[in-house]
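Student: Curious how this folds, go ahead:
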Amino acid sequence: MIVSREHQPNLLALGLDALTEYEHVADQLRHHKLYMGSGALEAEHGAGEFDPGGTCITHVHVNFVPQLGRETDLFDSKLRLMGTYSRLSEARVLQAPYILLRGDDGRARVFEAKGVPSQLIRRAICARLGRDDWDWAASPRPDVVDETLTLWNAQ
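Tutor: As a prediction, this is how the structure comes out:
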């Protein structure tokens, strides 16, 4: 997960300097040896001022989900596609709330997310994988957190 230092409700609300820094960090992460060969899905619930758009926390936080870099179609025919962008700076004009997905092809797909339920991205990923443990509060999985910390600390 990448969290911004600047308090903004969503990634696309960041200033150009912060967004450029985010792109640099995201690119480094995509090319890190832990993600190489497996791909990663970059996913954000972009909260709006009066609509959280499925997010649990109204602050920029983008999830990097390993091995799901091809799953950018999670919301095709379910949510309205607002646009596809090769650079996030091109998408800054979009209104939140939105869901942003970027995968192996490097293109960000942004979907309208007005009034969507909490954790919609997790729900969609778990449905795609045939799992029912999408609710992090009900299934916190501290073992996975420990495993992830161990993996990253070994780097």
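Student: going forward, measure contacts and count neighbours with C-alpha atoms only.
Tutor: Fine.
Student: Pull the contacting residues for the residue nearest to Leu101 when sequence neighbours are not counted.
Tutor: Computed as Cα to Cα, 6 or more residues apart in numbering, the closest residue to Leu101 that is not its neighbour in sequence is Ala43, at 4.7 Å. When the contact criterion is Cα atoms under 8 Å, 6 or more residues apart in numbering, the partners of Ala43 are 62-65, 99-102, 121.
Student: Restricted to strands, list the residues you listed.
Tutor: 62-65, 99-102 (DSSP state E).
Student: Next, format those residues as a markdown table and append pLDDT.
Tutor: Below are those laid out as a markdown table (pLDDT from 0 to 100):
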| residue | pLDDT |
| --- | --- |
| Val62 | 96 |
| Asn63 | 93 |
| Phe64 | 91 |
| Val65 | 91 |
| Ile99 | 97 |
| Leu100 | 97 |
| Leu101 | 98 |
| Arg102 | 97 |
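Student: ok, which pair from those is furthest apart?
Tutor: Taking Cα to Cα, the two most distant members of those are Val65 and Ile99; they sit 14.7 Å apart.
Student: for the closest residue to Gln95 other than its chain neighbours, phi and psi?
Tutor: Spatial nearest neighbour of Gln95, excluding adjacent residues (Cα to Cα, 6+ apart): Gly48 at 7.6 Å. Main-chain torsions, Gly48, degrees, to the nearest 10: phi -100, psi 170.
Student: Just grab the bridge partners of Pro66 for me.
Tutor: Ala40 (DSSP bridges).
Student: check contacts around it.
Tutor: Neighbours of Pro66 in contact, by Cα under 8 Å, 6+ apart: 35, 38-41.
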